[in-house]
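Asker: Here is a sequence together with a model predicted from it:
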Amino acid sequence: MHISPDQTTLWHWGFVHLNMTIAYTWIVMLLLTVGSSIVTRRLENGDHSRSRWQNAFEIVVETIRGQIREICPRGGDAYLPFVGTLFLFIAVANLLDIVPGWRAPTGSLSTTAALAICVGVAVPVFGIRSQGTIEYLRHYLRPTFIMLPFHLLSETSRNLALAVRLFGNIMSGSMIVGILLAIAPFFFPVLMQALGLLTGMIQAYIFAILAMVYIAAAVQRGQEER
Amino acid sequence: MDTVSVIGITSIAGAALCMAIGSIGPAMGEGRAIAQALRSIAQQPDEAGTLSRTLFIGLAMIESIAIYCFVIAIILIFANPFWNLVVSKAGG
């Protein structure tokens, strides 16, 4: 049994291997970019002629923006592109599980590690942008310089937890379905698939919210002390 | 008992113990967290949105401990490095 879609090679030519994770990530990217560009090609500002898809997308964006504003009331919109992209990518990758034969690319540790590294880079970038390099780096030395290794350790371990949490949840979902197919076919796997969809949505929400909480912590630390 | 069966037995027993012991703590923690959150929502229904968001984040934090145990158990069973080493050595 393959525990991650990394191990399934769809196509290879010489030393170039195209595994399932990369191919399905491309499909998700294609869906998101093409879908949103088709919908946003003719945006309407009027009251009547708004298309169905535009309404749906506006609801999604407004919900994400509202959640971000609750965590970071001042200037939260600056983080909407980053956090919203994280949420939409993970949510679409997990929800496409309803398509037969789909293996969610988030069920591979490579994808989740890449997403966690994105968060790990974005937190200091946003922090430095809001308070300046020196001021941001100084918080590692608070309250004393003895805390420096603990700050570094906590940042590393929380990014690791971000990656392993998403990977473990999605992988366990497909794993349980695979095991149940061998033990009790027909009915129980369907229930667990439905539960997997719910878990996928919750994990997408949690990933985005945690990324936002980390960013807000890095940004607001400076605002409070001033 | 030869090396292969020792590695097999310890891997399976280790995975089972890992899941069994490793899920006790998160289960108790999640139960306490949810009970407290329900009590708070009953006292202040207006704050239900904030409470449930914080609850979700906290549950995800607690649950990740159980997920670590699960990942290690899965690795021990399906992708055990020691087992693969022994099997590849025995195979030639």
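Answerer: Perfect, thanks for sending it.

Asker: near chain B at all, the helix ranked longest in chain A?
Answerer: The longest helix of chain A (DSSP state H) is helix A:188-225. Yes - applying CB under 8 Å from any CB of the partner chain, one finds helix A:188-225 touching chain B at A:202-203, A:205-206, A:209-210, A:213. For glycine as for every other residue, the C-beta is placed from the backbone atoms N, C-alpha and C.

Asker: Tell me where chain A has strands.
Answerer: A:9-13, A:16-19 (DSSP state E).

Asker: What's the nearest residue in chain B when you look at chain A?
Answerer: With CB to the nearest CB as the measure, residue B:67 is the residue of chain B nearest to chain A, at 3.6 Å.

Asker: Show me what from chain A comes close to chain B.
Answerer: Counting by CB under 8 Å from any CB, the positions of chain A adjacent to chain B are A:1, A:3, A:67, A:70, A:161, A:164-165, A:167-169, A:171-172, A:175, A:202-203, A:205-206, A:209-210, A:213.

Asker: do you know how far the spatially most central residue of chain B is from residue A:220?
Answerer: Central residue of chain B (CA atoms, centre = their mean): residue B:66, 2.3 Å from the mean position. According to CB to CB, to the nearest Å, residue B:66 stands 30 Å off from residue A:220.

Asker: Also residue A:104?
Answerer: 33 Å.

Asker: In the chain, where is pLDDT below threshold?
Answerer: By default, I'm working from chain A. A:1, A:44-49, A:222-226 (pLDDT under 70).

Asker: Oops, wrong one, chain B.
Answerer: B:92.

Asker: So which bits of it are right by chain A?
Answerer: So chain B meets chain A at B:49-50, B:53, B:56-57, B:60-61, B:63-64, B:67-68, B:70-71, B:74, B:78-79 (CB under 8 Å from any CB).

Asker: of these, buried ones?
Answerer: Applying 16 or more other CB atoms under 10 Å in any protein chain shown to these, the neighbour count classes B:57, B:60-61, B:63-64, B:67-68, B:70-71, B:74 as buried.

Asker: Give the buried residues for stretch A:61-75.
Answerer: A:64-65, A:67-68, A:71-72.

Asker: now, which of those lie within helices?
Answerer: Those of the buried residues of stretch A:61-75 lying in helices (DSSP H): A:64-65, A:67-68, A:71.

Asker: Could I get the contacting residues of residue B:8?
Answerer: Applying CB atoms under 8 Å, 6 or more residues apart in numbering or on different chains, we find residue B:8 in contact with residue B:83.

Asker: now the helices for chain B?
Answerer: With DSSP H as the criterion, chain B has helices at B:3-22, B:24-43, B:48-78, B:81-91.

Asker: Could you look over these and pick the most buried one?
Answerer: Of all these, helix B:48-78 has the most neighbours on average by mean count of other CB atoms under 10 Å in any protein chain shown, namely a mean of 18.

Asker: which strands and helices sit next to that one?
Answerer: Helices and strands touching helix B:48-78, as assessed by 3 or more CB pairs under 8 Å, 6 or more residues apart in numbering or on different chains; DSSP states H and E, comprise helix A:52-71, helix A:148-183, helix A:188-225, helix B:3-22, helix B:24-43.
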